[in-house]
Structures are given as C-alpha cells and as structure tokens.
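Colleague: Build me a model:
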Amino acid sequence: MNRLKDYEKVIYDSNIIIYYCFKTKETKIIELTDITHILTEFLVKNQSKITVPNFIIDEIMNIDIPQMISEMIKSGKLTNMPKYTDYSFQFTLSLKLQKKFRKMQEKDWFLIEVYFPTKNLYKQIEDFFKGLEYHPLIKEFLRLKQKTSPIPSFEDIGLIAYSKQKGHPIITNDRDITFFCEELVKNKLSGEIFAQQDLDIYNN
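Modeller: Down below sits the predicted model:
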C-alpha cells in the first residue's frame, strides 16, 4: 500500500465507495468493508484526497439499494445478519447506507469534480477495448464478467479517461478496468490502476 503514499489524489470507483459506506452497527460486506476503511484511513493519514468525477456519484445515486442489499444477502456477502431479513430490515439498512454516503461526500478529503471525457479520448479507450477481440485472454475475461462484449460501461470508460487526463491513479476491483490495466497504462490511455485486492492492506 506504500505505493500510494506519494499520490496527492487517488480515484475511487463506485464499488469502493459502496464498500466504504457499507459499515453499520448491524452489518458490513465481508472483508471488503474493513479493507476499504483501512485503505481510506491510510490515504487520509498521508494527506491524500479521494477524488471522483460527478458521474460516479450519479451512478451510485441511481443504484436500487434495496435490490443490491437483497442480492448481497442471497450471495452471503454480508456479516452479522439477523435471522429474518424482511423488507423492513432492507429498507432500514438502505436508509443508513444513504446517510453514510451523504456523510462521506461532506468529508474534506473527499472531492467531487464535474468532468466529462473528451470525445477523442473516449473513442480511443473504446477502440482499445474493441480491439481486444483477438487478445489471448479475451475468452477468460468474458467468462469472468459473464459478458459477450469487452466494451465497459460509460462510467468505466469515463473513469479511465479521468485518470488519464488528471494523472491520478484508480483504485478498483472492477475487472472491466483491472483485467487489461497493464495494456491501458502501456498505451497511455490511463494513469496507474491498482486492483484493491492486490494492495498489501495490512502491511503499510
């Protein structure tokens, strides 16, 4: 994690922000919430800022949080669950997560920047992913993502473009960004990309 100590700003994607907010007295996402809090505390201690483009905030705001909670319950990703997780429980937890998200946005170390990728840069990144059709690892990537196309979402391409234009590294667990991160950086289409799971969180 010391690889991050010299960066004045780092970029979180929507998943990392959700991991951070998913810490209430009742429950948290297994392992990921604690890891994200340790990471964030490390960055804040080193006077780094967490910065995100505004469309990532919009993406989170548009998430069906009760549905997300329901899917996490079914997949066993949440800890300290009550015996019965009815709609009332999911609704209450949803309100708490929204409150955590609002409080996070108020932190002086959390910055939101209005940003829209240039048409040229967006197309360059999109063309990069289109060109992966014959990459030796493309079948593995599509299988892992359960997709038929390698092209990421607007938010993912926009985040990569934001990193490229601002020079800040991205921290993410999204394989749409991390799987071909070396090629993205090598082709100068992005700043550094760090997969959260590869950071040495407990030794800093």
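Colleague: ok, residues contacting the lowest-mean-pLDDT helix or strand in the chain?
Modeller: Counting by mean pLDDT, DSSP states H and E, the weakest-scoring helix or strand in the chain turns out to be helix 65-75, with a mean of 83. For helix 65-75, the surrounding residues in contact (CB atoms under 8 Å, 6 or more residues apart in numbering) are Ile18, Ile29, Leu78, Met81, Thr85, Tyr87, Gln90, Phe91, Leu93, Ser94, Leu97, Gln98. Bear in mind the C-beta positions are built from the backbone N, C-alpha and C, glycine included.
Colleague: Would you mind listing the buried residues in it?
Modeller: Ile65, Ile69, Met72, Ile73 (16 or more other CB atoms under 10 Å).
Colleague: what's the closest of these to Lys9?
Modeller: For these, the minimum distance to Lys9 (CB to CB) is 27.4 Å, reached by Ile65.
Colleague: on that earlier part again, between the buried residues of helix 65-75, which is nearest Asp34?
Modeller: Met72 (15.6 Å).
Colleague: mind checking how far the closest one is from Pro66?
Modeller: With distances defined as CB to CB, to the nearest Å, the gap from Met72 to Pro66 amounts to 11 Å.
Colleague: Taking helix 65-75 as reference, get the angle to the biggest helix by length in the chain.
Modeller: Across the chain, the helix with the greatest residue count (assigned by DSSP state H) is helix 87-106. Helix 87-106 and helix 65-75 meet at an angle of 110 degrees, taking axes from the mean of the first three to the mean of the last three CA atoms, to 10 degrees as the criterion.
Colleague: And the next helix or strand past helix 87-106?
Modeller: Proceeding N to C from helix 87-106, the next assigned helix or strand is strand 110-113, under DSSP states H and E.
Colleague: Using CSV, list the CA coordinates for that next one.
Modeller: Included here for strand 110-113 are C-alpha records, laid out as CSV according to Å, rounded to 0.1, in the frame of the first residue of the first chain:
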residue,chain,number,x,y,z
PHE,A,110,-13.5,13.5,-0.5
LEU,A,111,-13.6,15.6,-3.7
ILE,A,112,-16.2,15.5,-6.4
GLU,A,113,-15.2,17.1,-9.8
